[in-house]
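S.K.: sequence unavailable; structure follows:
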């Protein structure tokens with residue numbers, strides 16, 4: 001939603017984490033699966049997803 005208000009939000013993928021979960025049908029989803037699925041869902045829709053190294057490269061190129 002921040003992008004709809006004119007902001008350019010970034011989500012730093014390696015600065016976030018989650019836990020494994022069991023779905024309503026009893027299937028277990030690992031933390032890695034949930035993390036990746038959520039990053040994919042958010043990327044270019046609500047934020048630009050990148051890792052710390054990419055962000056640092058952008059920052060260093062500006063200063």
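M.R.: That came in fine, so what should we check first? Note that the coordinates shown come from a computational prediction; the quantities given were computed from them, not determined experimentally.
S.K.: contacts only, for the residue nearest the centre of the chain.
M.R.: In the chain, the centroid-proximal residue (C-alpha atoms, centre = their mean) is residue 39; its distance is 3.7 Å. For residue 39, the contacting residues are 11, 13, 16, 49, by C-beta atoms under 8 Å, 6 or more residues apart in numbering. (C-beta placed from N, C-alpha, C; glycine too.)
S.K.: farthest-separated two in these?
M.R.: Largest separation among those by C-beta to C-beta: 16 and 49, giving 9.5 Å.
S.K.: which of these two has more residues huddled nearby?
M.R.: residue 49 (20 against 12; other C-beta atoms under 10 Å).
S.K.: for that one, name its beta-bridge partners.
M.R.: residue 11 (DSSP bridges).
S.K.: and residue 22, how far is that from residue 40?
M.R.: With distances taken as C-beta to C-beta, to the nearest Å, residue 22 is found 21 Å from residue 40.
S.K.: ditto for residue 46
M.R.: Residue 46 is 12 Å from residue 40, where distance means C-beta to C-beta.
S.K.: tell me the SS of residue 26?
M.R.: Look at residue 26: counting by DSSP: H, G, I helix; E, B strand; the rest coil, its state is coil.
S.K.: quick one: pLDDT of it?
M.R.: Looking at residue 26, its pLDDT stands at 98.
S.K.: ramachandran coordinates for residue 22?
M.R.: Main-chain torsions, residue 22, degrees, to the nearest 10: phi -110, psi 130.
S.K.: what do you get for residue 58?
M.R.: The phi/psi pair for residue 58 (degrees, to the nearest 10) is phi -70, psi -50.
S.K.: where does it land on pLDDT?
M.R.: For residue 58, the predicted pLDDT is 93.
S.K.: any idea how far residue 2 is from it?
M.R.: 18 Å.
S.K.: check residue 11 too.
M.R.: 11 Å.
S.K.: now do residue 26
M.R.: Applying C-beta to C-beta, the value for residue 26 to residue 2 is 36 Å.
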